[in-house]
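Q: Build me a structure from this.
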Amino acid sequence: MGYLVGYIPAMIGGKKIELSAVGKIFKLTPENLATWRRWEKLVVWDQWLIYATFGIIGMTLPSVMVRSVVPLGTSLPAWSIAAHTANQFGAMWGPAGFYLIAFIGLITLWGTQLQWVDMLTRNMTDLLWSTSEGIRKWAKGDVRRVYYTFLIVYVAFAMWAIWQAAPLIILLLSANIANFGGFYAWYLLWDIDRKLPKELRLKWYYWPPIILFCIMCCFFFVVMVLGQLGIRIL
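A: Numbers count the residues shown, from 1 in each chain. Now for the predicted structure:
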């Protein structure tokens with residue numbers, strides 16, 4: 001795909017690459033459609049079996065682990081959430097339990113945040129590049145100007161924001177930004193899908209789980225907002 005539509009090159013050592021604002025589509029020949037269907041099956045298996053299944057397991061296990069040592073309804077310290085969990089394990093297993101949980105929390109949060117910073121920056125760059133001719137003119141056809149400008153602004157904002165509220169508040173807000181996207185994610189997907197040729201559109205049975213997922217995101221986001229206003233519904 002990068003050969004046909006371009007990609008975001010590195011700032012240092014990378015060369016200017018022309019990035020298409022509209023993308024490419026293959027010819028709808030029987031041979032190409034057969035290849036598309038094989039690729040679609042691989043994506044379905046990857047998303048449902050690997051990503052979804054192990055994603056749910058990966059989110060559930062830490063929650064169960066924390067719940068096993070932190071009683072329901074506990075008021076977590078706003079400035080030491082991770083340390084509080086490590087302390088609880090340390091009280092059960094001694095210093096080894098404390099440092100083990102602290103280390104797990106470090107590598108989990110470190111990798112997750114690096115991934116999300118790049119994902120947010122990359123998605124915003126794609127969105128701005130494909131929808132704004134003014135942005136493309138400002139960047140003079142060099143997508144690196146958009147990507148790295150947004151990255152610098154985002155990192156600077158994050159460094160400022162981390163001192164504006166307790167980590168617990170920032171954690172609740174950042175964890176639910178993705179849930180906020182559930183308000184309109186289904187619409188964006190539907191809007192893109194309807195612009196594709198009929199042969200390449202999503203099957204009808206893909207939509208119920210997508211809509212259910214968006215409803216779940218909306219629900220958890222509303223619960224979080226109401227909780228911050230002192231209104232509990234759970």
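Q: Give me the mean pLDDT for the host helix or strand of Trp39.
A: Following DSSP states H and E, one finds Trp39 within helix 30-45. On average, the pLDDT along helix 30-45 is 92.
Q: Ok, stretch 187-205 next?
A: On average, stretch 187-205 scores 85.
Q: same check, this time on stretch 117-128
A: Taken as a whole, stretch 117-128 has a mean pLDDT of 86.
Q: Please point out which parts of it sit buried.
A: By neighbour count on 16 or more other CB atoms under 10 Å, the buried set for stretch 117-128 is 121, 125-126, 128. Using the backbone N, CA and C atoms, a C-beta is placed for each residue, glycine as well.
Q: again with stretch 211-227
A: 214, 217-218, 220-224.
Q: what does the helix or strand containing Trp160 rub up against?
A: Taking DSSP H and E as the definition, Trp160 sits inside helix 143-161. With contact meaning CB atoms under 8 Å, 6 or more residues apart in numbering, helix 143-161 is reached by 6, 8-9, 11, 14, 16-17, 19, 117, 120-122, 124-125, 128-129, 135, 138-139, 170.
Q: so where do the helices sit in the chain?
A: 2-5, 30-45, 53-69, 81-93, 95-131, 133-138, 143-161, 167-181, 185-194, 207-228 (DSSP state H).
Q: what about the helix holding Trp39, distance to the chain center?
A: Its chain's C-alpha centre and that of helix 30-45 lie 25 Å apart, by CA atoms, centre = their mean, to the nearest Å.
Q: do the same with stretch 221-232
A: 22 Å.
Q: Report the distance from stretch 126-136 to the chain centre.
A: For stretch 126-136, the distance to the chain centre is 21 Å (CA atoms, centre = their mean).
Q: Pull up the distance across that stretch, start to finish.
A: 11 Å (CA to CA, to the nearest Å).
Q: Would you mind pulling the contact partners of that stretch?
A: Stretch 126-136 is contacted by residues 19, 21-23, 143, 146, 150 when judged by CB under 8 Å, 6+ apart.
Q: Closest one to Gln113 out of those residues, please.
A: Using CB to CB, Phe150 is the member of the contacts of stretch 126-136 that lies nearest Gln113, at 16.3 Å.
Q: of the contacts of stretch 126-136, closest to Leu109?
A: Among these, Phe150 lies closest to Leu109 (CB to CB), at 22.2 Å.
Q: where's the closest one relative to Phe157, distance?
A: 10 Å (CB to CB, to the nearest Å).
Q: between those two, which one's more packed in?
A: Counted by other CB atoms under 10 Å, Phe150 and Phe157 do not tie: Phe150 has more neighbours, with 16 against 10.
Q: what pLDDT does Asn9 get?
A: Actually, residue 9 is Pro rather than Asn. Pro9 is assigned a pLDDT of 80 by the prediction.
Q: Check Pro208 too.
A: 90.
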